[in-house]
Each structure stands twice: as C-alpha cells, then as structure tokens.
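# fold the following and give me the result.
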Amino acid sequence: MPNVNQPSYEVPLPTVKIASFNLLNYLEPPMAYYDFQNIYTIEQWHKKQTWITRFLDKNQPDIIGFQEVFSSDSLQSLLKNAGYPYYAVIDSPTIIDDFICRSPVVAIASKFPITEIATVTADQQAAALLGLADFHFSRKPLRATIDIPHVGLTDCYVTHFKSKRSLFDDPLPNTIVPSDTALSRFVGQRLGSWGSAMLRGTEANLLFLEILKQRQSSTRPMLLMGDFNDELSSSCLEQLIAGNVFGMSDSDIERLIGYYRLYDSWNLFIKNTEQLNMPRPPTHYFGTKTSVLDYILLSQEFNAQYPGSLFEVSDYHTEDKHLVNSSFDEDGYSTDHGIPCVTLALRC
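Next comes the predicted model:
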C-alpha cells in the first residue's frame, strides 16, 4: 500500500533564480554609443531585443542585475512584457551632441516587489584614509531592497567596476618621459593600467564598506552582482570575499565576522553539490584567453554551511552558447559576456 503520509509525486522545492547580465551597449536607435557611427539599424536592434527576450524565456531568472544600460525606458518596457513588473535604475548616461551616449548605467529587474531603491555613495572619510579626496565611483552602484519569498527583505546590489582599459589615453607629459617615443607609450600603458587597477580595487572596497554598514543597520540578507572586470581572486577584488582577521581565532571569526561576509556563489555551488573539481565556466573571451568577470556574491543566509541558512545554491549555469557556439543570425547582436545564473533552493 502507498504511504498515505507522503505525497505519491515529487514536490519541487521553492526556488529563486538570480542572474547578472552585461547587455553590451543597450542603446535604442537612432542614438549612438561612444562614436557617431555606432548606431544599430532597426533590424539589428530588433535582433538584440529578441535575443534578450529569448534568454529570459529560456532561463527565467527572478532577479536580474544589468550593466551597460543606455536606453532604460526601452529596457523597462521589454522586461515588463517579459513578466518583470519591478524595475529600478538610479542614474542616466552622458549624452554628447544630442545623440552620442557614453557612461552607461546599471539597473535591476525583479519578479518580486522592490520596496526601496538607493544610490550607493562612497564614504569620503574612508576614501581620505586611502589618500583619495572627493572619490566617486566610475559607475554608480545601485541598491534595491527586494521582498524575496521565504527570506523576506533582501538588499541587492548591482555594480560595474572600472574596466582594465587604461585610466588615461593622453600621452605622458614631456616632464615625465620624452613624448612620442616607444618608452613614453610603454610607461604610459603601465601607469594607465595600474591606475585602472587602483580605481577598480578602491571601488570594490568602498562599495563593500557600504554593504557592511547597511548590513549592520538593516540586518537584512544581502547579495552583490555585476561585471567586476577582473578575477575575484585578483589583489583588487579579493577583499570582497576575504574571511581572515589578523590576530583573531577561526572560531571568533566565524562567530563575529561570518555574519558580514560575502560568499562566491560558484564556490557555494560546488561545495553544496560536492563537485569540487568542476571547472568554472568563463564569462569572457579575448582571443585565446578566458576569464571570469561576472559574479554573484551571497551572504550567509544562502550558504548551506551556515546552520541558520534559509536557501542553498542548488544550481549554477553560465549562459554562453552565444560565445562558444554562436550563430550570427541568432547571436550577432547579443553580448560579449557570459551570463551567470544562480538557482537558490529553499532548504528542507
């Protein structure tokens, strides 16, 4: 006889899916991105929007953090039609000569209610301690408080850190090295690259400071997603997931600091599913070089190793067919990034 105390069918666990999506120049024609020649045709724009809609239909993320948004109203309309009634953006791009756009912004969309929106600003006192006066993020990070089922109000951050592109393009002054020489270009690239790395690292650490301050005041779960433009293990970004405090025991760190930490969702996934040797899929390709630039970081409420966690990372998928096995007709106007998608399952 069947066990009448148990259902005779499998009941799926409630899940929440989160994605970070670099849209690559999401700009509605006839506006141009960066240069007057960079204008999508109507057909190209339609293909780009169709590709985004196809991704949403296939993967069904519940919360999405976007980067490289120029046309926010257009994106909001597309998302509303795709089943995302909640949307937030806190900045707008720079427009030059009435039609050339620069400095794209971040945005967030959700199937769950967004109850609060805020621009994250840098703590100027902390920046001054780093020797930086009047510091500003190269792209304003966004914080949206979202009412996620089972876990409740959650502070969700979207960021797009400074790229590895040189911090400056102008030739070095003659007072540093003679201009228009190979040495000048060599030194300029070294200084420009290091300047970008310093800015990226400063953005990461000052954003993390604001995340920690918000965590202390709100006591809400938190997640951070975005295009980090560097490997999380780099010296610029490693502090985002650091868990060590000099002079403090492991037990004290776990008891006193674990509450404030962020965890890489990929690491949570491979530990939770006991697939420690699984290779991590890249999110960016440059020639023969691959790298992971796009991340979703989670607080301990989503870490199965924490006894009080409500969710666990049950799946991690990087949408990358458009990069590794592309069809120009379908993928020609998609994006140059892979899209990480994390599934959170309610713990039994």
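# cross-check the contact I'm expecting between E238 and E231.
No - taking contact to mean C-beta atoms under 8 Å, the distance of 9.0 Å between E238 and E231 leaves them out of contact. In short, each C-beta sits where N, CA and C put it, glycine included.
# distance of F208 from V245?
From F208 over to V245 the distance is 14 Å, taken as C-beta to C-beta, to the nearest Å.
# same check on E238?
According to C-beta to C-beta, E238 stands 15 Å off from V245.
# where do the strands of the stretch 51-200 of the chain begin and end?
Counting by DSSP state E, counting those that start in this stretch, the stretch 51-200 of the chain has strands at residues 63-69, 86-89, 94-96, 100-102, 105-110, 114-119, 142-148, 152-160.
# contact partners for K164?
For K164, the contacting residues are S193, S196, A197, R200, N229, D230, taking C-beta atoms under 8 Å, 6 or more residues apart in numbering as the criterion.
# from these, which has minimum pLDDT?
Per-residue confidence over the contacts of K164 reaches its minimum at S193, where pLDDT is 89.
# and the pLDDT for the nearest residue to it once chain neighbours are set aside?
Once its chain neighbours are removed from consideration, S193 has its nearest residue in S166; the separation is 6.0 Å (C-beta to C-beta, 6 or more residues apart in numbering). With respect to pLDDT, S166 has a value of 83.
# shift numbering so it begins at 31
Happy to do that; since the first residue is 31 now, the last one works out to S196.
# and S196, how far is that from W296?
Distance check for S196 against W296: by C-beta to C-beta, it reads 29 Å.
# ok, residues contacting the worst-scoring helix or strand of the chain on mean pLDDT?
Comparing helices and strands within the chain by mean pLDDT, DSSP states H and E singles out helix 280-286 as the least confident, with a mean of 86. Applying C-beta under 8 Å, 6+ apart, the external contacts of helix 280-286 come out as G273, N274, V275, M278.
# quick check: the farthest pair among those?
Greatest spatial distance in the contacts of helix 280-286: G273 and M278, 10.4 Å, computed using C-beta to C-beta.
# what do the two both touch?
Residues touching both G273 and M278 by C-beta under 8 Å, 6+ apart: I287.
# can you pull out the low-pLDDT segments for the stretch 181-330 of the chain?
Counting by pLDDT under 70, the stretch 181-330 of the chain contains no low-confidence residues.
# hey, where'd the helices end up in it?
Assigned by DSSP state H, counting those that start in this stretch, the helices in the stretch 181-330 of the chain fall at 212-248, 280-286, 295-302.
# before we move on, back to that, let me know which of the strands of the stretch 81-230 of the chain is tucked in deepest.
Greatest average neighbour count among the strands of the stretch 81-230 of the chain goes to strand 93-99 (a mean of 26), per mean count of other C-beta atoms under 10 Å.
# check contacts around T373.
Applying C-beta under 8 Å, 6+ apart to T373 gives the contacts T45, V46, K47, V343, S344, D345, Y346, H347.
# give me the neighbour count for P143.
Counted with other C-beta atoms under 10 Å, the burial measure for P143 works out to 12 neighbours.
# that one against Y116, yeah?
Yes - using C-beta under 8 Å, P143 is in contact with Y116, at 5.9 Å.
# correct me if wrong: G231 contacts S265.
Yes - contact status for G231 versus S265: in contact at 7.1 Å, counting by C-beta under 8 Å.
# in terms of neighbours, single out the busier of these two.
Comparing G231 with S265 by neighbour count (other C-beta under 10 Å), the higher total belongs to G231, at 20 against 10.
# roughly how far does the closest residue to that one other than its chain neighbours sit from G338?
In space, and not counting its chain neighbours, G231 is closest to C266: 3.6 Å by C-beta to C-beta, 6+ apart. In this structure, C266 and G338 are separated by 32 Å, where distance is defined by C-beta to C-beta.
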